[in-house]
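Peer 1: Starting from these lines, generate the structure:
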Amino acid sequence: MQEDLLDIDPPKASVFPILLVNFIGALGYSLILPFLIVLVIKFGGNEIIYGILGATYSFFQLIGAPILGRWSDSLGRKRVLLISQIGTFIAWLLFLVALYLPNNTLISVENAYLGAFILSLPLLILFAARALDGITGGNISVANAYMSDISDDSNRKSNFGKMAASANLGFIIGPALAGVLGGTVLGEALPVFATMLISLTAIGVIQFYLKESNPCAAENMIQTGEFKKIYNQEQKDCYQKLDNVESSLMTILKLPMISFTLGMYFLIFLSFNFFYVSFPIHAIQYLEWDLFQLGIFFSVMGAVMVFVQGPVLSYFSDKVNEHVLIVFGALILSIGFFLFTFEGIWILYLAVIFFATGNGLMWPSFLSVLSKIAGGNHQGAIQGYASSTGSLASIIGLVAGGFIYNLIGPVIFFIPCLLMVFIGLLSVRYRQVSVG
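Peer 2: Numbers count the residues shown, from 1 in each chain. Okay, here's the model as predicted:
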C-alpha cells in the first residue's frame, strides 16, 4: 500500500552466532584489560596517560561507528562485522609487536597537570593499536542492530539480556584467564597472543556461521529484485531502496525520543567510564592489589551480571516494563558506586554485587528501549550514532577520570553515584515507550 515502507517478514535467524561473536569479543578485550594499566606504566606512562589511551579508542570509535552503522544498513550487518573484527585482530597484532620493541625514551615530560611520564616507542604503538581498533570498532553497535533485526516485541528484552550476558560471560573468563596466563614466563605476551587467536576465531565465526540479518541490505539485490533464500526461506520483496532513507545526524535527531535517548546514552557511558578508568588505578596504586586480585574482582563482577542478565532478567522480562527496570537498575548502581568509596574488601565485593545487579537490570532494558525507538529503517544508523555518543562520553570520562582521581582519590566514585540517581529519575520518561 505504501511503497516507502519495508514489506518483509522478520528474519528468523538464530541468536546463537551473534551471541558467540559478542562473547568472543568480550573475552578478547577482558583478557588484556587487567594488563593495560601495567603496560602503560611499564612503558613510561602514568594514570593520566592510561586514561588518554582509553580515550584514544573512544575518539576514533566516535568517527568510525556512525559510518559502519550506516554501511550495515546498506551493505549488510555481516559484512561490516567482518571488517570491524579484522581491524581488531590487526590492532592486537600491534599490541604484540609493542611488547618486543626497545623501551627507549623519545620524550620525557614533567608537568604540574599531567604529572611525570615518558613517551616511548612501545607506548606510541599501543596508542596506534587502540586508534585502529577504535576506527573499526563498530562491532557493538552493528551487533546490537543485528539483534534488533532478528527480534520482535515478544523477545526483544530477553534477547538483549542474552547479548549483555554473553559479553559478561566473556568478562568472567577473560580476567581470570589473564591472571593465569600472565603468571607464566612469557609475562604479558601470552595473554596478548591469546587475544589475537580469540579475535581470529571471531572472524571465522562471522564468516562461516553468521547469516545476514538484513534482507534488504545488498544494493544489487534491491536493484535486480533478486530477493531469494537469504535464510533458506523465501522473503517478501523489499519495496524500498535503502538509498532513499535519510540517515544524517540532523534527520535522526528529529525522530521521536532519539535526542533524549542519545543524551541518556551519554550520561550512562560517562558514569561507567569514570568508574572503569578509576578503579584499576585505585586497585593497583591505592589498594595495592596484584593482577590476580584484580582479575578475580572483574570475574566476580561478570559472574553476577551474567546471572542477572540471564535467568533474573528472563524472569522479569514478561512481568516488568523496561522503564521500571532502567529506573531501579540505575538506583541500585548508584548504591554500588557509593560503596566503592570505602576500603574494606567485603564492602568492595558488596559494592561489585550492587554494581553488577544494577547494570544487569538497567543496560539490557535500555538497549531494548533504544532498539524499539530506532525502528527498522534507521536501526544501524541510530545504533552507530549511539555508539559515537558513548564514545564521546568515554573520551570525557576516561581523560577527566584520570585527572580527577589524581586529585581526589576514591571520592571520585561519588560522581557516577550522583549521575546514576539523575539517570534513574530521567528514565521515568520511558514509560510511554515500554508501555506503548
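Peer 1: How about the contacts made by Ala386?
Peer 2: Ser141, Thr261, Leu262, Tyr265, Leu370 (C-beta atoms under 8 Å, 6 or more residues apart in numbering). C-beta coordinates here come from the backbone N, C-alpha and C atoms, glycine included.
Peer 1: Could you report the distance from Asn144 to Phe160?
Peer 2: Distance of Asn144 to Phe160, given as C-beta to C-beta, to the nearest Å: 8 Å.
Peer 1: what does Met250 give?
Peer 2: 28 Å.
Peer 1: between these two, who's got more neighbours?
Peer 2: Shown here are Met250 and Phe160; by other C-beta atoms under 10 Å, Phe160 has more neighbours (27 against 7).
Peer 1: Name the SS class of that one, please.
Peer 2: helix (DSSP: H, G, I helix; E, B strand; the rest coil).
Peer 1: I figured it hits Lys372, correct?
Peer 2: No: judged on C-beta atoms under 8 Å, Phe160 makes no contact with Lys372 at a distance of 10.2 Å.
Peer 1: quick one: low-confidence parts of the stretch 301-436 of the chain?
Peer 2: 309, 317-318, 375-380, 433-436 (pLDDT under 70).
Peer 1: what residues are up against Val421?
Peer 2: So Val421 contacts Ala330, Leu331, Ser334 (C-beta under 8 Å, 6+ apart).
Peer 1: Work out for me the element the first one sits within.
Peer 2: Under the criterion DSSP states H and E, the helix or strand holding Ala330 is helix 322-339.
Peer 1: Could you name the helices and strands sitting against the next helix-or-strand element following that helix?
Peer 2: On the C-terminal side of helix 322-339, the closest following helix or strand by DSSP H and E is helix 345-374. On a contact count with 3 or more C-beta pairs under 8 Å, 6 or more residues apart in numbering; DSSP states H and E, helix 345-374 meets helix 139-149, helix 156-182, helix 258-281, helix 291-307, helix 313-317, helix 322-339, helix 379-408, helix 431-435.
Peer 1: tell me the angle of the longest one relative to helix 258-281?
Peer 2: When you say that, I think you mean helix 379-408. 40 degrees (axes from the mean of the first three to the mean of the last three C-alpha atoms, to 10 degrees).
Peer 1: Name the residues of helix 379-408 that are buried.
Peer 2: 379-406 (16 or more other C-beta atoms under 10 Å).
Peer 1: Separate out the buried members of the contacts of Val421.
Peer 2: Ala330, Leu331, Ser334.
Peer 1: any idea what sits nearest the first one, other than its immediate chain neighbours?
Peer 2: Just to be clear, that refers to Ala330. Nearest in space to Ala330, with sequence neighbours left out and distances taken as C-beta to C-beta, 6 or more residues apart in numbering, is Gly424 at 3.5 Å.
Peer 1: which residues in the stretch 51-200 of the chain form helices?
Peer 2: In the stretch 51-200 of the chain, the helices defined using DSSP state H, counting those that start in this stretch lie at 77-99, 121-135, 139-149, 156-182, 189-209.
Peer 1: follow-up on the earlier one: looking at the buried ones among the contacts of Val421, which one is closest to Leu27?
Peer 2: Minimum distance to Leu27 across the buried ones among the contacts of Val421 is 27.3 Å, recorded for Ala330 (C-beta to C-beta).
Peer 1: Now do the same contact list for the closest one.
Peer 2: For Ala330, counting by C-beta under 8 Å, 6+ apart, the contacting residues are Gly358, Met362, Met420, Val421, Ile423, Gly424, Ser427.
Peer 1: Compute the distance between the first one and Lys254, please.
Peer 2: Taking C-beta to C-beta as the criterion, Gly358 is separated from Lys254 by 32 Å.
Peer 1: Same drill for the two, tell me which one is more crowded.
Peer 2: Between Gly358 and Lys254, Gly358 has the larger neighbour count (other C-beta under 10 Å), namely 24 against 10.
Peer 1: which one is Ile173 nearest to, not counting chain neighbours?
Peer 2: Closest to Ile173 by C-beta to C-beta, 6+ apart is Leu27, at 5.9 Å.
Peer 1: pLDDT at that neighbour, what is it?
Peer 2: Listed pLDDT for Leu27 reads 76.
Peer 1: just how off-centre is the helix or strand where it lies within its chain?
Peer 2: According to DSSP H and E, Leu27 maps onto helix 16-42. Helix 16-42 sits 11 Å away from the centroid of its parent chain (C-alpha atoms, centre = their mean, to the nearest Å).
Peer 1: which strands and helices sit next to it?
Peer 2: helix 47-74, helix 77-99, helix 121-135, helix 139-149, helix 156-182, helix 189-209, helix 258-281, helix 291-307.
Peer 1: Okay, angle between that helix and helix 189-209 too, please.
Peer 2: 160 degrees.
Peer 1: What residues of helix 16-42 count as buried?
Peer 2: Neighbour-count burial for helix 16-42 [16+ other C-beta under 10 Å]: 17-42.
Peer 1: now stretch 290-299
Peer 2: Leu291, Phe292, Leu294, Gly295, Ile296, Phe297, Phe298, Ser299.
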